[in-house]
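J.: quick one: sequence and predicted model below, then my questions.
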2 protein chains.
Amino acid sequence: MYPALRKHFAELADLTDAEYERIVSCFKEKRFKKHAIILHQGDPVNHEYFVLKGLLKTFLVDNNGKEHILQFSMENWWVSDYQAMHTGAPSSFIIQCLEDVELLYMSYDDRKRLCDEIHQYERFCRLKVTSGFISMQNRVMALLKNDAQSRYQQLLHQYPTLFQRVPKAMIAAYLGVSRETLSRLQV
Amino acid sequence: MYPALRKHFAELADLTDAEYERIVSCFKEKRFKKHAIILHQGDPVNHEYFVLKGLLKTFLVDNNGKEHILQFSMENWWVSDYQAMHTGAPSSFIIQCLEDVELLYMSYDDRKRLCDEIHQYERFCRLKVTSGFISMQNRVMALLKNDAQSRYQQLLHQYPTLFQRVPKAMIAAYLGVSRETLSRLQV
């Protein structure tokens, strides 16, 4: 079941078939239409989501009504409000579908249980969050040292397909540049 | 040995005394004088460091000679160039002592070996990097949505002692604001 997920795990962890079946038994599948919100700001966060198909954005809206985008999540990405999930705080973010979306999701309790039961699942989670950590570090450094043009080029280089799937205003809200600045860039 | 380290592990993982001794046997201790550089840009990164005493900064210098600070690390913090350590690439960062420093350090090979041998050590590493990930996420969001004044206040609130230990120019290089802007803030 879910060969893409099987392959995704195998990239980072050695799971037996039985372990994989045990993990998969904790997932449920759900479909959402474009524009649907799967997590509202202030919601409790009890799940982690794996994207089978489609694209989502994780964002918040500041006091001036301006949108700031933490993350886009496409096929084979994990998405949740991890701070809220780990601390039990309500969600700081909104997670919304930018396309029709198919997700697998697992409860935080099952996630913890699997980490207890299956050492290699803990390995997978460690290496996955390590990649996330490194990618956030790179984003911090890009925000500190690169101008809008370089940040745009870096994103284009990293995720070329994103630019066909996401409107420019959202790219601007992800890069931390104004829409006007973005439209002036040589893109 | 190292009761602070024992306590630090115990906050996130259940280690037996034997497991703790096994882990500690992989550490070596080293002292550095203020201003010493423990990792140069371009160096291979084979170690992770735990700060027993003192303060360090992890930074890089851009093509215009401007310094950008990824992280300050004080007592009970871990420090390395994690991207370089995990990918085998040369270091992108410089790690320098801002005070006289006492460190424990462990090789990446030993770290991997301990994660294989001791499930709870992998647990510890997973939860530690999860905290790092969340903290980097918060920093990205602060850079996207907060002005210099708010970022300064947030840092002051989070790490009040940092301001007695670090010159203002370095705080500016961490927050991504110019020294002039920082000196205009109500701080």
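T.: Cool, got the structure.

J.: now stretch A:170-178, how far from the chain's geometric center?
T.: Centroid displacement of stretch A:170-178 relative to its chain, using Cα atoms, centre = their mean, to the nearest Å, is 17 Å.

J.: ah, wrong one, I meant stretch A:50-65
T.: Offset of stretch A:50-65 from its chain centre (Cα atoms, centre = their mean): 9 Å.

J.: can it be found next to chain B?
T.: Yes - contact of stretch A:50-65 with chain B (Cβ under 8 Å from any Cβ of the partner chain) involves A:60, A:62. To be clear about C-beta, it is placed using only N, CA and C from the backbone, and glycine gets the same treatment.

J.: and that stretch, which residues are buried?
T.: By neighbour count with 16 or more other Cβ atoms under 10 Å in any protein chain shown, stretch A:50-65 contains the buried residues A:50-52, A:54-60.

J.: what do you get for stretch A:100-112?
T.: Neighbour-count burial for stretch A:100-112 flags A:101, A:103-106, A:108, A:110-111 (criterion: 16+ other Cβ under 10 Å).

J.: keeping just the C-alphas, turn the helix or strand that contains residue A:182 into CSV.
T.: Residue A:182 is part of helix A:179-184 when elements are defined by DSSP states H and E. Written as CSV, here are the backbone C-alpha positions of helix A:179-184 (Å, rounded to 0.1, in the frame of the first residue of the first chain):
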residue,chain,number,x,y,z
ARG,A,179,4.6,42.3,-4.4
GLU,A,180,5.9,45.5,-6.0
THR,A,181,9.5,44.5,-5.4
LEU,A,182,8.9,41.0,-6.8
SER,A,183,7.3,42.5,-10.0
ARG,A,184,10.4,44.7,-10.5
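
J.: about what we covered before: between the buried residues of stretch A:100-112, which is nearest residue B:177?
T.: residue A:108 (36.7 Å; Cβ to Cβ).

J.: list the contacts of that closest one.
T.: By Cβ atoms under 8 Å, 6 or more residues apart in numbering or on different chains, the contact list for residue A:108 reads A:45-48, A:85.

J.: filter those residues down to the buried ones, PyMOL style.
T.: Per 16+ other Cβ under 10 Å, the buried members of the contacts of residue A:108 correspond to this PyMOL selection:
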select buried, chain A and resi 45+46+47+48+85
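
J.: show me the two of the buried residues of stretch A:50-65 that sit farthest apart.
T.: A:52 and A:60 (25.3 Å).

J.: what sits against the residue with the shortest distance to the centre of chain A?
T.: For chain A, the residue nearest the mean C-alpha position is residue A:79 (3.6 Å; Cα atoms, centre = their mean). Residues counted as contacts of residue A:79 (Cβ under 8 Å, 6+ apart) are A:48-49, A:51, A:56, A:58, A:71, A:73, A:95.

J.: in CSV: those residues, plus secondary structure and pLDDT.
T.: CSV is the format used below for those (DSSP: H, G, I helix; E, B strand; the rest coil; pLDDT from 0 to 100):
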residue, secondary structure, pLDDT
A:48, strand, 97
A:49, strand, 98
A:51, strand, 97
A:56, strand, 98
A:58, strand, 98
A:71, strand, 96
A:73, strand, 97
A:95, strand, 98
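
J.: beta partners for the residue lying closest to residue A:77 once chain neighbours are set aside?
T.: Nearest residue to residue A:77, sequence neighbours excluded (Cβ to Cβ, 6 or more residues apart in numbering or on different chains): residue A:51, at 5.0 Å. Assessed by DSSP bridges, residue A:51 has beta-bridge partners residue A:103.

J.: who touches residue A:51 in this structure?
T.: Counting by Cβ under 8 Å, 6+ apart, residue A:51 touches A:73-79, A:101-103.

J.: with these in mind, which one is nearest to residue A:119?
T.: Nearest to residue A:119 out of those is residue A:78 (Cβ to Cβ; 19.6 Å).

J.: and the residue nearest to the closest one when sequence neighbours are not counted, how far is that from residue A:128?
T.: In this structure, residue A:78 finds its nearest non-sequential neighbour in residue A:50, 5.6 Å apart by Cβ to Cβ, 6+ apart. From residue A:50 across to residue A:128, the span is 11 Å (Cβ to Cβ, to the nearest Å).

J.: between those two, what contacts are shared?
T.: residue A:78.

J.: which residue ranges of chain A form helices?
T.: Ranges of helices within chain A are A:3-10, A:17-24, A:82-87, A:108-117, A:119-145, A:148-158, A:162-165, A:168-175, A:179-184, based on DSSP state H.

J.: now those helices in JSON lines, with distance to residue B:139 and mean pLDDT?
T.: Conversion of the helices of chain A to JSON lines gives the following (distance: least, Cβ to Cβ, whole Å; pLDDT from 0 to 100):
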{"stretch": "helix A:3-10", "distance to residue B:139": "28", "mean pLDDT": "95"}
{"stretch": "helix A:17-24", "distance to residue B:139": "32", "mean pLDDT": "97"}
{"stretch": "helix A:82-87", "distance to residue B:139": "12", "mean pLDDT": "97"}
{"stretch": "helix A:108-117", "distance to residue B:139": "24", "mean pLDDT": "98"}
{"stretch": "helix A:119-145", "distance to residue B:139": "5", "mean pLDDT": "97"}
{"stretch": "helix A:148-158", "distance to residue B:139": "15", "mean pLDDT": "90"}
{"stretch": "helix A:162-165", "distance to residue B:139": "22", "mean pLDDT": "92"}
{"stretch": "helix A:168-175", "distance to residue B:139": "15", "mean pLDDT": "92"}
{"stretch": "helix A:179-184", "distance to residue B:139": "22", "mean pLDDT": "85"}
